[in-house]
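Novice: Got a sequence here, can you model it:
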Amino acid sequence: MASGEGTVRVDSWIWSVRLTKTRSLAASACKGGHVRVNGERVKPAHAVRLGDEVRLHHAGRERIVVVTRVVRKRVGAPVAAECFIDNSPPPPPREDVAAVAQRDRGTGRPTKRDRRDMERLRGRPAP
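Specialist: Residues are numbered from 1 along each chain as shown. This is a model prediction of the structure:
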């Protein structure tokens, strides 16, 4: 079967078009219910065809893609970009991510005042 026709396993396709780093991560995402094809949760062996909508929750982000080309083997990034249409919402801007407070190395344990300041910074009421 040629690379542009027929069907292929969903876990293999997700890995082939570089949505996940490894095929085992793609299979785990399917088993965990993080992959939907046309709105239905699927197992790793589910067949993907042209025009299917694949939703993947991975790395804290939802990816929504429409299959435009079926590939069986992992392809380079430029070719992978041609295999799907990305309808995903844009990732949140980096400024919106809360900064993690870090202490200088060697300063020891935080004092009670330090702890209260950190709690106030996080928006929690200090006891």
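Novice: how about Pro92, what does it touch?
Specialist: Residues near Pro92 by C-beta atoms under 8 Å, 6 or more residues apart in numbering: none. (C-beta placed from N, C-alpha, C; glycine too.)
Novice: Kindly recompute the last result at 10 Å.
Specialist: Contacts of Pro92 were listed using C-beta atoms under 10 Å, 6 or more residues apart in numbering, and they are 60-61.
Novice: What of His34?
Specialist: 26, 28, 41, 55-58, 62.
Novice: I'd like the residues you listed as a markdown table, with neighbour count, distance to Arg105 and pLDDT appended.
Specialist: Listed next are the contacts of His34 as a markdown table, based on neighbours: other C-beta atoms under 10 Å; distance: C-beta to C-beta, whole Å; pLDDT from 0 to 100:
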| residue | neighbour count | distance to Arg105 | pLDDT |
| --- | --- | --- | --- |
| Ala26 | 25 | 39 | 95 |
| Ser28 | 16 | 36 | 95 |
| Arg41 | 13 | 46 | 96 |
| Arg55 | 17 | 43 | 96 |
| Leu56 | 22 | 39 | 95 |
| His57 | 14 | 36 | 93 |
| His58 | 17 | 34 | 87 |
| Glu62 | 12 | 37 | 92 |
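Novice: So which of those residues sit within helices?
Specialist: Among the contacts of His34, the residues falling in helices (DSSP state H) are 26, 28.
Novice: Dump the contacts of His34 to a markdown table, plus distance to Arg109.
Specialist: Formatted as a markdown table, the contacts of His34 follow (distance: C-beta to C-beta, whole Å):
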| residue | distance to Arg109 |
| --- | --- |
| Ala26 | 43 |
| Ser28 | 38 |
| Arg41 | 46 |
| Arg55 | 45 |
| Leu56 | 42 |
| His57 | 38 |
| His58 | 37 |
| Glu62 | 40 |
